[in-house]
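S.K.: below: sequence and its predicted model.
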Amino acid sequence: MKPRVLSGIQPTGSLHIGNYLGALTNWVKMQYDYECVFCIVDLHAITLYQDPKELLQKIEQTAALFLAAGIDPQVSSVVVQSTVKEHAELCWLLTCSTPLGWLERMTQFKDKSSKQDSVSDGLLQYPVLMAADILLYKANAVPVGDDQIQHLELTRDIAQRFNALYGETFVMPETRLPTVGARIMGLDDPSKKMSKSEAGSGHAISMLDEPGVIRKKIMRATTDSRPAVDFDSGGAGVLNLLTIHQAFTGWSDDQVKRHFAGMRYGDLKKTVAEAVVAGLEPLQERYRRIMADPGYLHGVLRESADRVRPFADATVRLVKQRMGIYTD
Ligand code: ATP
Ligand code: LTN
């Protein structure tokens, strides 16, 4: 039997090239060697308020982008998290053995809650729901960007604690980061990671941005006061552009160095923009075709949920039995 993979993306906005390079491209590479479940994590999205009409659209757009990026629904399951009720059920069962202090220490919780007037209990529970997603399918590997390392460590702690309390039940999942592109930074501020929820039209490149918009955003990207690429003292903005180029082209470190050393920033930006445009164009074309046929998309989501539900049900039954909870 193949080892299992699970990962997820929140339908909280337009997916950007950070989501693409940090997560999606790795999913596509892994899907034939692993049994994969890729989730549109709508229950995570609502830990911050989402406009209901927009949320529904974003769920479908996110699913379509998974397919357009190359996820093959014949071999991988593309699941809307809320349609498999066991995610929420396992979350509650795990919540009861997760110490509050572990959750209060999470940097994403501290960061996101500091930006809210009122913080929902759901935002605190967010990483337990993520642990439930992973442990539900006994995933061996979880491909994510590097901002999720802490949540993955917590998942292992939650699994270990459960196993110690109730007996060996969960598999320890491994974090899988991409070799290039694990943290793409904002174009307007290279000290912050590119994020869907960050405001500002110059911050992120959406996977659906038109070529003209991509070129404009990259030409305006923040660099530094040097005139040309210097690998020994390059600032974060320039390094970020080089990373984006390398992740889209698959060039080696040597190729990148030879090609870009001493290149003026204007020319660097033009080269990077063309690599991004060329990388996204075929994907955008596939996205348009998928969105033109909602019946197909809904069918994929329904079949995937039906395919994974028996596994999810078996895990929840086992967990309940271990805990001494009645099962029918
Ligand atoms: P939000 O701003 O709504 O929190 P986000 O942009 O951080 O969203 P998520 O849905 O939280 O996106 O993340 C989905 C996947 O994309 C995760 O695996 C995450 O690690 C990865 N990811 C997110 N941002 C980046 C980035 N800037 N660089 C690389 N990977 C990223
Ligand atoms: N918290 C993740 C999204 C997410 C996820 C998961 C990632 C929810 N459940 C399970 C991997 C595995 C994020 O990227 N913000």
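M.R.: Looks like it came in fine. Ligands and ions are numbered 1, 2, ... in the order given.

S.K.: so His245 sits right up against Lys270, yeah?
M.R.: No: using CB atoms under 8 Å as the test, His245 is too far from Lys270 to be in contact (11.0 Å). The C-beta positions use only the backbone N, C-alpha and C, and glycine is treated the same way.

S.K.: so those two - more neighbours on which side?
M.R.: His245 (23 against 15; other CB atoms under 10 Å).

S.K.: and the pLDDT at the more buried one?
M.R.: With respect to pLDDT, His245 has a value of 98.

S.K.: Leu135 now?
M.R.: Note on Leu135: pLDDT of 98.

S.K.: out of everything not next to it in sequence, what's closest to it?
M.R.: For Leu135, the nearest residue in space outside its immediate sequence neighbours is Phe170; the separation is 4.8 Å by CB to CB, 6 or more residues apart in numbering.

S.K.: count of neighbours near that neighbour?
M.R.: 24.

S.K.: that one is in what secondary structure piece?
M.R.: Using DSSP states H and E, Phe170 sits in no helix or strand.

S.K.: Ile149 versus that one, what's the distance?
M.R.: According to CB to CB, to the nearest Å, Phe170 and Ile149 sit 19 Å apart.

S.K.: before we move on, what about Arg288?
M.R.: Arg288 sits 35 Å away from Ile149, going by CB to CB.

S.K.: show me the contacts for the residue of the stretch 101-250 of the chain found nearest ligand 1.
M.R.: Closest approach of the stretch 101-250 of the chain to ligand 1 (CB to the nearest ligand atom) occurs at Gly145, with a separation of 2.4 Å. By CB atoms under 8 Å, 6 or more residues apart in numbering, the residues touching Gly145 are Gly18, Asn19, Gly22, Ala23, Leu177, Pro178, Gly181, Ala182, Arg183, Ile184, Lys193.

S.K.: to the chain's geometric centre, what's the distance from the helix or strand containing the first one?
M.R.: If you go by DSSP H and E, Gly18 is part of helix 17-19. In terms of CA atoms, centre = their mean, to the nearest Å, the centre of helix 17-19 is set 8 Å apart from its chain centre.

S.K.: show me what the mean pLDDT comes to for it.
M.R.: 98.

S.K.: now do that helix: which elements does it pack against?
M.R.: Here helix 17-19 touches no other helix or strand, going by 3 or more CB pairs under 8 Å, 6 or more residues apart in numbering; DSSP states H and E.

S.K.: could we number from 38 for the rest of this?
M.R.: Shifting the count to begin at 38 puts that one at helix 54-56.

S.K.: still on that earlier bit, ok, the residue lying closest to the residue of the stretch 138-287 of the chain closest to ligand 1 once chain neighbours are set aside - contacts?
M.R.: Using CB to CB, 6+ apart and skipping residues adjacent in sequence, the residue nearest Gly182 is Gly59, 3.0 Å away. By CB under 8 Å, 6+ apart, the contact list for Gly59 reads Val181, Gly182, Asp183, Pro215, Gly218, Ala219, Arg220, Ile221.

S.K.: perfect, I'm done here.
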